[in-house]
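Student: Here's my sequence, what's the structure:
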Amino acid sequence: MINSYAGLDDVGVAIAAARAGADVVRDLYGQRLARTEKGAGDFATAADVRAEERILGIIHAARPDDGVLGEEGGQRGAAGTARQWLVDPLCGTLNYAVGNMLVAVNVALRGGAAAVADPFSGEVFFTDGVTAWVRHHGADARLVPSSATRLVDVNLDPPFPSAPGFRAVDLLAQHQFVARFRPRVVSTTLALAWVAAGKRAAYVTDGADLSGSVHFAAGIALCQAAGCVVTGIDGAPIGQTDRGLVVAADGESHQLLMSMIHS
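Tutor: Numbering: from 1, shown residues only. Predicted coordinates for the structure are as follows:
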């Protein structure tokens, strides 16, 4: 059998893998799926597991020597390999389990290509590490960040490692935040792709070092390649901070958010 993935470049592998995972997620939507409890209210469904298996199958066929870190299956291959793929097969599992379509499939080569697929809109956001694009209905368009919407997604999911010094929920109570932006609360990293695409002005979340996270790596790569401002909540460049994430479409929006965070 001919390996149809072996000839793809890295961004092609990321797109193919993310789309394959999205196909599984879409096909199983609405079904009663078995759950695997992870603790602290977190769980995986059969869709998470099957989507990751499909994604890993494509990566292995295309790049058999690469390592993979998956949300469900953990490390596959050598952990210290120079090339490692980060896979979140279903970001927004709780949304998905209750019939909400706000979910994403994230695939990223550490330090390189990445793709974020929306299973229900059919959009695939992708980057080769230099430029960022969206593919929809067979056509590609360059991602252009914009703060025009004034919409800012704030991730309120626990844990809150920076509390009490910083809690994202506190932004929503600040007069200057409401005067400048319109808050949204999101529970999927699809919101990062929306910032890169100009559908959101910014995104804020607490956390540790998210640059190597299976949840965030693909979205961060998209935003950086699109030209967004990407830092931790301490203002340090991503990869040099262990304090969450602030992504803004432009410098002015980022500066405003940082001033509010540190007030």
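Student: any chance you could map the strands in the stretch 151-263 of the chain?
Tutor: 151-154, 182-185, 202-205, 229-231, 245-248 (DSSP state E, counting those that start in this stretch).
Student: Would you single out the least confident of those strands?
Tutor: Within the strands of the stretch 151-263 of the chain, confidence is poorest for strand 182-185, with a mean of 92 (mean pLDDT).
Student: Quickly run through the sheet partners of that strand, with directions.
Tutor: Next to strand 182-185 in the sheet, as set by DSSP bridges, lie strand 151-154 (parallel).
Student: List the buried residues in the partner strand.
Tutor: Across strand 151-154, burial judged by 16 or more other Cβ atoms under 10 Å covers 151-154. To be clear about C-beta, it is placed using only N, CA and C from the backbone, and glycine gets the same treatment.
Student: now what about that strand, what contacts it?
Tutor: For strand 151-154, contacts defined as Cβ atoms under 8 Å, 6 or more residues apart in numbering pick out 168-169, 171-172, 177, 181-186, 191, 194-195, 199-205, 257.
Student: Please export the C-alpha coordinates of it as CSV.
Tutor: Extracted in CSV, the C-alpha atoms of strand 151-154 (Å, rounded to 0.1, in the frame of the first residue of the first chain):
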residue,chain,number,x,y,z
LEU,A,151,-14.0,40.8,21.9
VAL,A,152,-11.6,39.4,24.5
ASP,A,153,-11.9,35.7,25.5
VAL,A,154,-11.0,35.1,29.1
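Student: in this protein, which helix or strand is least confident?
Tutor: strand 35-39 (a mean of 82; mean pLDDT, DSSP states H and E).
Student: tell me which strands and helices that strand is in contact with?
Tutor: strand 42-45 (3 or more Cβ pairs under 8 Å, 6 or more residues apart in numbering; DSSP states H and E).
Student: swap the cut-off to 10 Å and go again
Tutor: When contacts are defined as 3 or more Cβ pairs under 10 Å, 6 or more residues apart in numbering; DSSP states H and E, strand 35-39 packs onto strand 42-45, helix 46-62, helix 93-97.
Student: Report the strands that pair with the first one, each with its relative direction.
Tutor: Okay, so that is strand 42-45. strand 35-39 (antiparallel).
Student: For residue 12, grab phi and psi.
Tutor: Recorded main-chain torsions at residue 12 are phi -60, psi -40, according to degrees, to the nearest 10.
Student: where's it relative to residue 5, distance?
Tutor: 8 Å (Cβ to Cβ, to the nearest Å).
Student: Any chance you could list residues touching both of these two?
Tutor: Shared contacts of residue 12 and residue 5 (Cβ atoms under 10 Å, 6 or more residues apart in numbering): residue 62.
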